[in-house]
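**Student:** Requesting a structural model of the entry that follows:
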Amino acid sequence: MTISKNSNSPKASALVGDSNGDVKEASLLIFDLKAEKGRVKVTDVAATFAGNATTSAAYLYSGSTLIASASISAGKTTFADLSDVYVEKDQTRSFTIKADYTGASTNLATSTATVLTTTGATKDITAENDLGDAVYAPTATIASDIQNVTSVSPVLTLVSSSATYTGPSFSGASGTLKGTFVFDVTAKGGANWFFSTSTFDFLAVRSTGATQAATSTTYLQPSNITVDAGTYKLAQDGTARFTVDMTVLSNEVAASDYYSFKLSNIDWGTSTAVANDITYLDTTVWTTPSVYVQQ
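**Tutor:** Model (predicted):
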């Protein structure tokens, strides 16, 4: 039996509570179990929760089917004595760990879930074969991305990203590296949300990891966004789709190399005095493909 983190496991984001500060069944971690030598019966699954967010209950799903629920004590939960949970030979089955949270406030609180596999007593996956013999997965630690529990925050969803390089049209001219991001922003937990018209910080990233600011950035203003005191205004629970283009000229980069763009920060607030940052975005998600730039 092997275990791995599913590629669709949730990325770092905000979990916004309701009017009571509660978050219900937030998805934290998706992991896969694969049976290789024969059918495997999974009898127990445990997980460890870390962070300063207050968890109140945990849930184990397979696809959309609830398998078990359990309380959380001292950051640990165990889904014990599972009934008829099998992984067939040469098949992979996905499991999702979800959690409830209470006490969400304007201050961000973090949360992660971790599943540990080992041959020792500390293992989080207990399984057996059809003969009743214990089956172990190789030692591994499958950890969720950090989720940020709060009562107020924009929630961002990336729709698409792309990058192109156009060479110079004549000798002595510069080529142009262009990136495009399309993403949705939903205003959660506040009457109105405000974003500076220069709110989104995009960086060009060289293959070495070195970064530089985009030379120019242009926004296609969503139809349901208004401008107030130099900021974009989005009504509570509204969703706006932004299309943002950014460019860097080839004579502005350090050297010929592969480059991409990433979104590194968003400034937002509940008034036109935007003063809050979103810096927890997963840059493996909020990035464009790399393209070669000839200086």
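
**Student:** only C-alpha atoms for contact and neighbour calcs from this point on.
**Tutor:** Fine.

**Student:** Restricting to C-alpha, output the one helix or strand D267 maps to in PDB.
**Tutor:** Counting by DSSP states H and E, the element that carries D267 is strand 257-269. Taking Å, rounded to 0.1, in the frame of the first residue of the first chain, the C-alpha atoms of strand 257-269 are listed here in PDB:
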ATOM      1  CA  ASP A 257      16.700  33.000 -19.400                       C
ATOM      2  CA  TYR A 258      13.300  31.500 -18.700                       C
ATOM      3  CA  TYR A 259      10.900  33.800 -16.900                       C
ATOM      4  CA  SER A 260       7.400  33.600 -15.500                       C
ATOM      5  CA  PHE A 261       5.000  35.900 -13.600                       C
ATOM      6  CA  LYS A 262       3.500  35.400 -10.100                       C
ATOM      7  CA  LEU A 263       1.000  37.200  -8.000                       C
ATOM      8  CA  SER A 264       2.700  38.000  -4.700                       C
ATOM      9  CA  ASN A 265       0.300  40.100  -2.800                       C
ATOM     10  CA  ILE A 266      -3.100  41.800  -2.700                       C
ATOM     11  CA  ASP A 267      -4.000  44.900  -0.700                       C
ATOM     12  CA  TRP A 268      -7.600  45.100   0.400                       C
ATOM     13  CA  GLY A 269      -9.800  46.600   3.100                       C
END
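
**Student:** Tell me where the model's unsure across the stretch 51-200 of the chain.
**Tutor:** By pLDDT under 70, the low-scoring segments of the stretch 51-200 of the chain are 118-122, 190-192, 197-198.

**Student:** sorry, back to before: which other helices and strands contact the strand holding D267?
**Tutor:** strand 153-166, strand 192-206, strand 276-278, strand 291-293 (3 or more CA pairs under 8 Å, 6 or more residues apart in numbering; DSSP states H and E).

**Student:** okay, these, which one's buried deepest?
**Tutor:** Comparing these by mean neighbour count (mean count of other CA atoms under 10 Å), strand 192-206 ranks first with a mean of 21.

**Student:** Report the rounded mean pLDDT for the helix or strand that that strand is followed by.
**Tutor:** Downstream of strand 192-206, the first helix or strand assigned by DSSP H and E is strand 211-213. Mean per-residue pLDDT for strand 211-213: 93.

**Student:** Could you point out the helix or strand that follows strand 211-213?
**Tutor:** Once strand 211-213 ends, the next helix or strand along the chain (criterion: DSSP H and E) is strand 216-220.

**Student:** Only C-alpha atoms, please: export that next one in PDB.
**Tutor:** The C-alpha atoms that make up strand 216-220 are tabulated as PDB, following Å, rounded to 0.1, in the frame of the first residue of the first chain:
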ATOM      1  CA  SER A 216       3.500  47.900 -16.700                       C
ATOM      2  CA  THR A 217       0.200  46.400 -15.400                       C
ATOM      3  CA  THR A 218      -3.200  47.000 -17.000                       C
ATOM      4  CA  TYR A 219      -6.600  45.900 -15.600                       C
ATOM      5  CA  LEU A 220      -9.900  45.100 -17.300                       C
END
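
**Student:** residues making contact with it?
**Tutor:** F242, T243, V244, D245, M246, T247, V248 (CA atoms under 8 Å, 6 or more residues apart in numbering).

**Student:** Ok, stretch 280-295 next?
**Tutor:** 11-13, 158, 161-165, 167, 174-175, 177, 179-181, 250-251, 253, 255-265.

**Student:** now it: mean pLDDT?
**Tutor:** Averaging pLDDT along stretch 280-295 gives 89.

**Student:** and the end-to-end length of that stretch?
**Tutor:** In stretch 280-295, first residue to last residue: 32 Å (CA to CA, to the nearest Å).
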